[in-house]
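Engineer: sequence and computational prediction follow.
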Amino acid sequence: MSGALGHVATVLPEHRASWDAAARTVRVEVPGPALPDACGAVRAGLDAPLTVMTATDDRALGRGYGLAYVFSLDAADAFVSIEARLDPEHPSFPSVTPRPWPLKTAASYERTPPANRP
């Protein structure tokens, strides 16, 4: 087990985390509404920059949509992936960008496509 898992447990003790050795990634499952706070805790508490945000369409597997915010944990030579499942009937999630901690890099991932803008 990686020391990265221990680092993550210090800033997100209320969430279940697991170590994926092949990907050198700590995976943390959170409810959609908890995304901003969880991402903020990793960014500010571990000084881990956002590397990438990705979304998956897992409706064919009966799992709705998935979101993953992946942070680089350089001190542990690992990544931290904050992951949430979204209901396919209501696929919305709170933005992680407008927070008091610096996570401005998320803004380009969270843009609304032109076809969906009011």
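Structural biologist: Good, I have the coordinates. Residues are numbered from 1 along each chain as shown.
Engineer: run a quick neighbour tally on the nearest residue to Ala76 once chain neighbours are set aside.
Structural biologist: Using CB to CB, 6 or more residues apart in numbering and skipping the chain neighbours, the partner closest in space to Ala76 is Ala4 (3.8 Å). For the C-beta atoms, the positions are set from N, CA and C on the backbone; glycine is no exception. Look at Ala4: counted by other CB atoms under 10 Å, it has 22 neighbours.
Engineer: off-centre distance for stretch 27-38?
Structural biologist: 6 Å (CA atoms, centre = their mean, to the nearest Å).
Engineer: check stretch 74-81 too.
Structural biologist: With CA atoms, centre = their mean, you get 13 Å for stretch 74-81.
Engineer: tabulate the CA atom coordinates of it in CSV.
Structural biologist: Only the C-alpha atoms of stretch 74-81 are listed here, as CSV (Å, rounded to 0.1, in the frame of the first residue of the first chain):
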residue,chain,number,x,y,z
ASP,A,74,4.4,14.6,-6.5
ALA,A,75,5.7,14.0,-3.0
ALA,A,76,4.5,10.4,-3.2
ASP,A,77,5.1,9.9,-6.9
ALA,A,78,1.4,9.1,-7.3
PHE,A,79,-2.0,10.6,-8.4
VAL,A,80,-5.2,11.2,-6.5
SER,A,81,-8.5,10.7,-8.4
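Engineer: that older thread, so for the helix or strand where the residue nearest to Ala76 lies, what's the average pLDDT?
Structural biologist: Per DSSP states H and E, Ala4 falls inside helix 3-11. Here helix 3-11 scores 85 as its mean pLDDT.
Engineer: contacts for that helix?
Structural biologist: The contact list for helix 3-11 (CB atoms under 8 Å, 6 or more residues apart in numbering) reads 17-19, 24, 26, 28, 41-42, 45-46, 73, 75-76, 78, 80.
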